[in-house]
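*Asks:* The following block contains a protein sequence and its predicted model.
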Amino acid sequence: MKKKYYAVRIGKSPGIYNSWPECEKQVKGYSGAEYKSFTSLEEAESFLRSEDEICLKKPIENLDENEMVAYVDGSFNKDIKYYGYGVVVFSKEGKATYFGRENDGDSLEMRNVAGEIKGAMVAMDIALNKNKDTLYLHYDYMGIEKWAKGEWRTNKIGTKRYKEYYDSIKNKLNVVFIKVKAHSGDIYNEEADKLAKKSLGIEN
């Protein structure tokens, strides 16, 4: 019997699962759930990163009052020694964009990653300020999820602060981390990237 991979594109926690019971937990009772089984991991991954925007449009249409979708990215300008962030959010109230820059000395060495971290924290702050309790956070640098969950060591001041921040809000906000492939044509990931560059005066 061939092994099956279950890809959940829209559900409680999108991702790839190795068994139907695991997949079922993510889609059962979830309005507008999208999932499919495959016999190869490559096909399952391709389904998840489909660029037809179904992945984004349906959950936004089905967002509850307590939910928010966010895309975050970061950039760095070595000439002025600032890192920047861009955030694109969707909620029942509609779409909004945010961007900014910082030059905190303890985070500068992390360059664009510092911007990605700041963007993730800004997105979480926005969700909390909007009284949301669930945030679907799309990111393209794995550390955004791994540091928050304690799966990567936080051996720099910037990553330590990020982990401390996440630990302080995780009981108030359920953050669903969703990995997006960088520069893959994902329209809102690209928009977040452009906002981060805009904050630094970098022409796209």
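*Replies:* Everything's here; your move. Residues are numbered from 1 along each chain as shown.

*Asks:* hey, what's the closest residue to residue 191 other than its chain neighbours bridged with?
*Replies:* Among residues not flanking residue 191 along the chain, residue 88 sits closest, at 5.2 Å (CB to CB, 6 or more residues apart in numbering). For every residue, glycine as well, the C-beta is placed using N, CA and C. Beta-bridge pairing of residue 88 under DSSP bridges involves residue 71, residue 97.

*Asks:* go on, residue 139?
*Replies:* Beta-bridge partners for residue 139, by DSSP bridges, are residue 179.

*Asks:* what about it, how many neighbours?
*Replies:* Residues near residue 139, counting by other CB atoms under 10 Å, number 26.

*Asks:* and it, how far is that from residue 12?
*Replies:* 18 Å (CB to CB, to the nearest Å).

*Asks:* quick check: domain ranges of this protein?
*Replies:* Listed domain ranges for the chain are 5-49, 67-200 (source: the TED database).

*Asks:* chain center to the helix ranked longest in the chain, what's the gap?
*Replies:* The helix that spans the most residues within the chain, counting by DSSP state H, is helix 112-129. Relative to its parent chain, helix 112-129 has a centroid offset of 10 Å by CA atoms, centre = their mean, to the nearest Å.

*Asks:* what's near enough to touch residue 103?
*Replies:* Each residue near residue 103 by CB atoms under 8 Å, 6 or more residues apart in numbering is listed here: 80, 81, 82, 83.

*Asks:* Go through the residues you listed and say which is closest to residue 74.
*Replies:* residue 83 (6.2 Å; CB to CB).
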